[in-house]
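Colleague: Next comes the sequence, and after it the predicted model I'd like to discuss.
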Amino acid sequence: MAPLDRKLWRDLRRLWAQVLAIAVVLACGVMVLVLAQGAHRSLLETREAYYERNRFADLFAQATRAPRALLPEIAALPGVAQVEARIAATVLLDMPDMVEPAMARVLSLPPGGAVLNLPVLRQGRLPDPDRPEEVAVSENFAAAHGLVPGDGFRALLDGQIRTLRVTGLLLSPEFIYAFGPDTMMPDDRRFGIVWMGEAAAASAFDLQGAFNDLTLRLAAGADAAPVLAALDRLLEPYGGTGAHGRDRQISHVFLESELSQLEAMAVILPPVFFVISAFLVNMVLGRMIALERPVIGLLKAVGYPTRAIALHYLKLAALVGVAGVALGWAAGILLGQGLTALYAGFFRFPWLIYAPGAAAFAVSGMIGLATTVAGALRGVFAAVRLPPAVAMAPPAPPRFSRGLVDVLGRALALRQTTMMILRSITRWPGRAAVTLFGVVAAVAMLVSTLFTFDAMQAMIDEVFSLGNRQQVTLALARPGGLGAVEEALALPGVLAAEGAFGVPVRISHGSHGRLIALEARPEASALVRVIDAGGRPASLPPDGVVLSEGIARDLGVRPGDRLTVELLAPPREVHDLPVTAVIRQSLGQQIYMAEQALFALMRRPPQVNRLNLLVDPLELPALHAQVKATPGLAGITVWSDVRAKFDATLEQNLSMMTVIYAALGILMTAGVVYNAARIQLAERAHELASLRVLGFSRGEVAYVLVGEIMLLAVAAIPLGWLLGRAVAGVVARGFSTEMVTIPLVILPPTYATAGLIALGAALGAALAVRRRLDAIDIVSALKARE
Amino acid sequence: MSHPRAVFRTEGITKVYDTGAVQVHALRGVDLALNEGELVVLLGASGSGKSTLLNILGGLDRPTAGRVFFRERELTRASEAELTRFRRDHVGFVFQFYNLVPSLTARENVALVTEIARAPLRPEEALARVGLAHRLDHFPAELSGGEQQRVAIARAIAKRPEVLLCDEPTGALDSAAGVQVLEALVAVNEEMGAATAIITHNQATRRIAHRVLVLADGRLVREEVNDTRLAPAEVHW
C-alpha cells in the first residue's frame, strides 16, 4: 500500500467519530431520498399495474334510473373504448358479530363478467347470477368479521331485509382506499363492498332493464371532456348527477394525494441534509488540513506532486461520502419496507412490493458523493496552494478586533470566559453559522413534522366537538318530507332530531368549476354547525351559499361574489347565488345553504335525506336494533365510533412518523454539534489547557467549549421555530387535498418538544466532546505548540 | 537571623515517562526546598528535568515516586480538584510562549485570573506593575513578544501568589525584551514577596538569583548562593 494510502486509513481511524457523525448526517439525506422515492415509485408502479391489469375505468357517472337501451349510444361516443353499466347502492347490513349496523356499497356484477374494474378473486368464487342470495364481499370486510365463503349475513336492501350468502372474497381497483359516508377513514368493520349478480341487484333495487352507475374506459389518446359533456347530456333526463374522471373517484384521489405527499417529502428534506453535510465535510476537512499544514509542507518538500496530495484528501472525503451513502441506503431500504407495510394496511392492493428502483439509489449515491467531494474541494485547494516553507511553519495567531462584543461585555460585566465565547463566535462567524444552521434546520424539520399532531387534533376538535354535536347520523334511501324528522324522534333513545338534505350540484365561477355536494340545513341548527373562519360555530345565513376556505380559494371567490350553482336534481335549474360566508372545513368538501333558501329555489316543500340525532347513550343498542329493521334507511354514522377510529389510526401512523423525524432531528443536531465541538477542541486545546494551569476547574474550562455550542444552539431554536412555522405552512398547503385541508395549527408544546429535542441532542454531543476535553493532559497540550 | 520558612519541599522525587518501548527517567530523586521571598534560578541543559520539576511543583504533573510539600500540605496526596484549587489560590505560572488567550485583551487576560482569585490585584494595577498601563486594551496579536510575556507575568501575579513558577520566560525574546521581563520578575519578587523559581538554560541569568540550582540528567548536581546579585539590566546575553 502506498504511504499516502496508509496515512489515509490511519486518518480515518483517528477521526472515526467525526467521520461517523458526518456520514450519519449525510445518511439522513440519502435515507429520506431512498425512502420517499422508493415508496413513491413502489406505490405508483403498483397502482399503475393494478389499474392497467384490472382495467380501472377512466370516467364515472351516476344517474337515478337510466334505461339500458341508452348503452349502445354511449358506447358509440367517439373516444369511448369500453362501457359498463351497473347498479350501485349504499345499504345497511346486520352483521351477526355487531350490535350496530354496518354499511356497504352494493355493486352489481354483469352476468358475463365485469369488463371494467375487474375484481380480484382472493378466495372462493363469484356469485352465481342465477342465485340472488349469493354475494362476494371485500376481503378486508370479510377479515374484520371472520367471514368465509358459505357464511351469511343480513342486509336491508331497499326496505327489505334479505339474507345473503358469501361465495367469495374480492379486491377491486375502485376501492384501494375505501371508507363509508362521513368517515374519511377506512374502517373495515363498519364499511365493506358487496358484489351481487345483476339480476339480483336489479330486482332488489327495482331497476330491471335500467342502471344507475356507469363506468367507461377511453380509447388511447382520447379527450375526456367531450365524452363527459355527452354523458351529461345523455343522462340528464334520467337523473344524471354529473359525469367525472378519476379526479373525483374517492379511492384514486386519496392515493393521488399520498403520492404527492411522498413526492414533496422526496423534494424538500434531502437537500437540507445534503447542504448540511456539505458544510460539515467542508468544516472538518478544512480544519484537518489546517492541523496537517506541516505534513502537507513536508510532503511537498520531499517532492510529492500537488495532484497526489489533493487526491489524498479527496479520497478521504469520498470515503466519508461512501460511508454516508451506504448507511443511508441501508436505512432507506429498511424504513422503505416499513412504510410499505404501513401502506399495505391502508391501501388495499392485491400485491404491494417495495421496489425502490435503481434511480433512487443512483441519484442519492451520486448526490451524496458529490456533496462530500465538493465540500472537501475548498479545503484541499487551500492546502495545496501553500508553499512548503509556509506550510511547515506554525500558522499565525488569530487576530481579534474590538466591536459590539466589548460594549456588551462591559455593559453586562461579563466574565472573561464568556467573553472568550462571544469573541470566538464573532471571530469565526462562518463556523458559528454552520452550527447555527444545523440546529435551525433540525428544529424547523421537527416543528414542520410534529405540527401534524396539532393539525390533526384541531381537525378532530373541529369535526367532533364543534361541528358535529349529534351522536348519530342516519341516511335515508330516498328523500322524505319533514315528517321523517318527527318519525325519527320516535326511535328509541332519540332526544332531538334535525333533518338535512344533500343534493349534487355543479358550481362554477369564471373558468373554474366542479361537481360537489350541497347540503341544506335548518338555519339555526343546534346539532350540526358550520365553523367560521375564526374557528367559532356559526349559523347558516338565511340566503346565499356558504363555502369552505379551500373551495373558495380554488374557485377564486370571496364573500359577496356570485357563484353559478347548477342543481343536478329536479328541477335541474341553474342559479346565480351570492356567496354569503366562507367557513373553515378541514375534512370533506361540500357547500351549504339554509334549508328554506334551497327549497324556495327548488319551488317545493322542504325534504330531508339525512337525519342528525341526539341520542341517550344508554339507548344506543336499542336504536341500533331498530335501525337494522327500519326500511328506508341506507346508512348510519355513529360519530363516537368514527372518532375512535380516527384517533387510533392517527396514533398509529403519526407515532411512527414522529419517531422517524425525531431520530432525524437528533442525528442532524448531534452530527453538526459534535463536529463543531471536536474542531473547537482541536484548535483550542492549548488555550483550554492554559486555563487549567491558571486554576480553572474542568467544569469551568468545559463551559468555554460547551457554552459556545449551547449558546449557538439556544440562539438557533427561535430561528428554527420561525423557519419551522414557514415550512409547516408549505407542508400544510402541500399536503392538503380536495378532501382534507390541513390547518396550520402549531401549539406551544410542539415548539417546546422540537426545541428540547434539539437542545438535548446538542447537549449530548457537546458533553461527549467534553469527556475528551476532561481527558486532555495539560502538560502535553501546553507542549504541543512548543 | 530567623530560619527561612520553606514554601516548597521535595523528598526524593522521581519521574519516569513510560512510552511503552522505553522508559525515560526525567527526574531521579530530587530533594530541594524553595523558601519564602526567595528568587531561585534553575539551570540545566535541555532534557535535564527542569520543566518536569517545575510542573510537579506547580501541581500540573505528579511524580512517579517521592513526596512534594507545599508548606505543610503534601501535594502528592492531593486530588485532581485539590490541585486545581492549589494552582488557583497559590501559584502563578509564566511560560516561554506566554500562553495568553488570543481572544482576550491584556486587561481581560489578567481579569481572567482576578475573577476567580480570592484577594487579587486589580488587572490595571497588575499591568502597571509590569509597565503596561498604556497597553490595557490590546489583544495579544497586537503586542510584541516582550509585552506579551509581561502580560503573562501580570496575570501570574494578579492573584498575589505565594509562588511564581517561570519556565524559560525569556526563551523566546531578544536580549532587550528579556531584560525587561526579568526586571518585572525581580520587581514583583521584591515588592510582593512571592517565592520565585525561574527555569532557564541561559547561564547569564544566574546572577540575578538569590540561589542557583543546577540540574543534570534528572539530578540536582550543584547549588550556588549569590552573595551579591546583579540587577537584570546588568545582565547581557
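Modeller: It's in.
Colleague: Please count neighbours and contacts with C-alpha atoms only from this point.
Modeller: Will do.
Colleague: Could you see whether chain B lies near stretch A:407-421?
Modeller: Yes: judged by Cα under 8 Å from any Cα of the partner chain, stretch A:407-421 comes into contact with chain B through A:415-417, A:419-420.
Colleague: Show me which residues of chain A sit near chain B.
Modeller: So chain A meets chain B at A:397-401, A:415-417, A:419-420, A:423-424, A:686-687, A:690, A:692-697, A:778-779, A:786 (Cα under 8 Å from any Cα).
Colleague: what about 10 Å?
Modeller: A:396-402, A:415-417, A:419-424, A:427, A:684, A:686-698, A:777-779, A:782-783, A:785-786 (Cα under 10 Å from any Cα of the partner chain).
Colleague: Mind naming the longest strand for chain A?
Modeller: strand A:494-509 (DSSP state E).
Colleague: and the following helix or strand past it, which strands flank it?
Modeller: For strand A:494-509, the succeeding helix or strand toward the C-terminus, using DSSP states H and E, is strand A:512-521. Strand A:512-521 has its sheet partners listed here by DSSP bridges as strand A:494-509 (antiparallel), strand A:590-594 (parallel).
Colleague: Output the below-cut-off pLDDT ranges for chain A.
Modeller: Residue ranges of chain A with pLDDT under 70: A:268-269, A:273, A:285, A:288, A:383, A:738, A:784-786.
Colleague: In terms of residue numbering, what are the domains of it?
Modeller: The record's domain parsing of chain A by automatic domain parsing lists A:1-56+A:249-396, A:88-206, A:428-469+A:639-786, A:494-615.
Colleague: Name the residue of chain B that lies nearest to chain A.
Modeller: Chain B approaches chain A most closely through B:Arg88 (3.8 Å), counting by Cα to the nearest Cα.
Colleague: In a strand, that residue, correct?
Modeller: No: using DSSP: H, G, I helix; E, B strand; the rest coil, the assignment for B:Arg88 is helix, not a strand.
Colleague: ok, it touching B:Pro120?
Modeller: No: between B:Arg88 and B:Pro120 there is no contact, the gap being 11.2 Å when judged by Cα atoms under 10 Å.
Colleague: list residues touching both of the two?
Modeller: B:113-114, B:159, B:161 (Cα atoms under 10 Å, 6 or more residues apart in numbering or on different chains).
Colleague: pretty sure A:Phe451 contacts A:Ile746?
Modeller: Yes: taking Cα under 10 Å as the definition, A:Phe451 is a contact partner of A:Ile746 at 5.4 Å.
Colleague: higher neighbour count, those two?
Modeller: Between A:Phe451 and A:Ile746, counting by other Cα atoms under 10 Å in any protein chain shown, A:Phe451 is the more crowded of the two (26 against 20).
Colleague: give me every residue that touches that one.
Modeller: Per Cα under 10 Å, 6+ apart, neighbours of A:Phe451: A:457, A:658, A:724-725, A:728, A:731-732, A:743-747, A:749-751, A:754.
Colleague: Just the ones of these in helices?
Modeller: Counting by DSSP state H, those place A:457, A:658, A:724-725, A:728, A:731-732, A:749-751, A:754 in helices.
Colleague: could you flag which of those residues are buried?
Modeller: A:457, A:658, A:724-725, A:728, A:731-732, A:750-751, A:754 (16 or more other Cα atoms under 10 Å in any protein chain shown).
Colleague: Tell me the helix or strand right after the worst-scoring helix or strand of chain B on mean pLDDT.
Modeller: Sorted by mean pLDDT, DSSP states H and E, the helices and strands of chain B end with helix B:175-192, the least confident at a mean of 89. Next helix or strand after helix B:175-192 toward the C-terminus (DSSP H and E): strand B:195-200.
Colleague: Export that following strand to PDB, keeping only CA atoms.
Modeller: What follows is strand B:195-200 as a C-alpha-only set of coordinates in PDB (Å, rounded to 0.1, in the frame of the first residue of the first chain):
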ATOM      1  CA  ALA B 195       8.900  32.800  46.100                       C
ATOM      2  CA  THR B 196      10.100  32.800  42.500                       C
ATOM      3  CA  ALA B 197      11.600  29.900  40.600                       C
ATOM      4  CA  ILE B 198      12.900  30.700  37.100                       C
ATOM      5  CA  ILE B 199      13.900  27.900  34.700                       C
ATOM      6  CA  THR B 200      16.500  28.900  32.200                       C
END
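Colleague: And chain A, is it touching that?
Modeller: No: against chain A, strand B:195-200 shows no contacts by Cα under 10 Å from any Cα, the least distance being 15.4 Å.
Colleague: What of stretch B:6-25?
Modeller: No: against chain A, stretch B:6-25 shows no contacts by Cα under 10 Å from any Cα, the least distance being 12.2 Å.
Colleague: hey, what's A:His509 bridged with?
Modeller: Listed by DSSP bridges, the beta-bridge partners for A:His509 are A:His512.
Colleague: can you give me how far the longest strand of chain A is from the chain middle?
Modeller: Computed by Cα atoms, centre = their mean, to the nearest Å, the chain-centroid distance of strand A:494-509 equals 30 Å.
Colleague: Packing partners of whatever helix or strand B:Ala156 lives in?
Modeller: B:Ala156 belongs to helix B:145-157 when assigned by DSSP H and E. Where contact means 3 or more Cα pairs under 10 Å, 6 or more residues apart in numbering or on different chains; DSSP states H and E, helix B:145-157 is packed against strand B:91-94, helix B:106-114, helix B:123-129, strand B:163-167, helix B:175-192.
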